[in-house]
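Enquirer: From the sequence below, what's the structure:
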Amino acid sequence: MHVSQSRHFRAAVASTVLIATGTALTGVGAASAANADPVATSVAPRYQEAGDLFTALQFPELPSVGSTSEEAAEAPVEESVDAPAPAPEPAPAPAPAPEPAVSGDELARIVPQMPGDKIAQFVAPLNDAMVRGGIDTPVRQAAFIAQLAVESDSFRTFEEYASGRAYEGRSDLGNTQPGDGERYKGRGAIQVTGRHNYEEVSRFTGIDFVAHPELVAAPENAFTTAVWYWSSRNLNNVADGPGIVRVSELVNGGHHALAQRMDNFARGLAVLAHP
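Expert: As a prediction, this is how the structure comes out:
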């Protein structure tokens, strides 16, 4: 078969192209064959073990990112230790008890007729009553003690010696029912008298003295009822201003035993203002 020269030429060109393409495909990403070491390229494997590669390149071993399950099993387990609870702060020291306004010795000097056993028994509730009533100056304290000393016969009794019949029918005292005079006679350290006052002091203390008037004379109530009477008549201001005579009139309703009240007051001032 006759083949033209043009066909031979085209076949030669095609062969050349195929040879060039094959050479390019086998040399992608590698150095050209003309520059390569023929010995090295003929024996080097396509892949190398990772360990050999690190050794050949003189790289140190990569650090372990995480331990395997076996390594984790062999590793010692550190027990967690809870932080100790903070020690509780010490409680603040209690405030020291305030000094009593009147000591037992001072009370004995103000009311020299007062029995010694009564001083020991009543000095604390007397001081408590003065604190509650704001009886907090020598003038007020001396006036308060002066009145209580007379009304209670130097703290010997918290119930009036008389029967109370003299108060029967006294509407100014609220004695409107038969027997009110005796039932609500003077009791307590300041001798609260009359149904009306018993009703008021019952509201103040929450104790039903109307139904149980004898409770006013109990030592635990005698000073509480006295400070109620004192405060309800605003006798602190009276002691500060008009003075002991007017205080006596508001406590007793007149001038009964006024000289004794004034003597007690003078002694109280001398003791408390210049201890």
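Enquirer: Going by residue numbers, what spans are strands in the stretch 101-250 of the chain?
Expert: Counting by DSSP state E, counting those that start in this stretch, one finds no strands in the stretch 101-250 of the chain.
Enquirer: Spell out, range by range, the helices that occur in it.
Expert: According to DSSP state H, counting those that start in this stretch, the stretch 101-250 of the chain carries its helices in the segments 104-110, 116-132, 138-151, 180-183, 195-205, 219-232, 235-240, 244-252.
Enquirer: Of those, give the one that comes closest to residue 90.
Expert: helix 116-132 (29.3 Å; CB to CB). No exception for glycine: its C-beta is placed from N, CA and C like everyone else's.
Enquirer: So for residue 128, what's the nearest residue that isn't a sequence neighbour?
Expert: Closest residue to residue 128 apart from its sequence neighbours, by CB to CB, 6 or more residues apart in numbering: residue 223 at 7.0 Å.
Enquirer: before we move on, what about residue 230?
Expert: Spatial nearest neighbour of residue 230, excluding adjacent residues (CB to CB, 6+ apart): residue 133 at 5.5 Å.
Enquirer: same thing with residue 103?
Expert: Spatially, and ignoring its direct neighbours in sequence, residue 103 is nearest to residue 123 (7.2 Å; CB to CB, 6+ apart).
Enquirer: got the contact list for the one you found?
Expert: 100, 102, 103, 104, 107 (CB atoms under 8 Å, 6 or more residues apart in numbering).
Enquirer: For residue 242, see how far away residue 215 is.
Expert: Distance of residue 215 to residue 242, computed by CB to CB, to the nearest Å: 33 Å.
Enquirer: higher neighbour count, these two?
Expert: Each of residue 215 and residue 242 has its neighbours counted (other CB atoms under 10 Å); residue 215 has more, 18 against 12.
Enquirer: wait, isn't that one in contact with residue 206?
Expert: No - the pair residue 215 / residue 206 is not scored as a contact, 11.8 Å apart, by CB atoms under 8 Å.
Enquirer: re earlier: any idea how far residue 167 is from the residue nearest to residue 103?
Expert: The spacing between residue 123 and residue 167, counted by CB to CB, is 31 Å.
Enquirer: Kindly report the same for residue 140.
Expert: Taken as CB to CB, the span from residue 140 to residue 167 is 29 Å.
Enquirer: How about residue 93?
Expert: 52 Å.
Enquirer: So the two - more neighbours on which side?
Expert: Neighbours per residue (other CB under 10 Å) separate residue 93 from residue 167, with residue 167 holding more: 23 against 6.
Enquirer: Contact partners for the closest residue in space to residue 160 that isn't next to it in sequence?
Expert: Closest residue to residue 160 apart from its sequence neighbours, by CB to CB, 6+ apart: residue 186 at 3.6 Å. Counting by CB under 8 Å, 6+ apart, residue 186 makes contact with 151, 159, 160, 162, 164, 192, 193.
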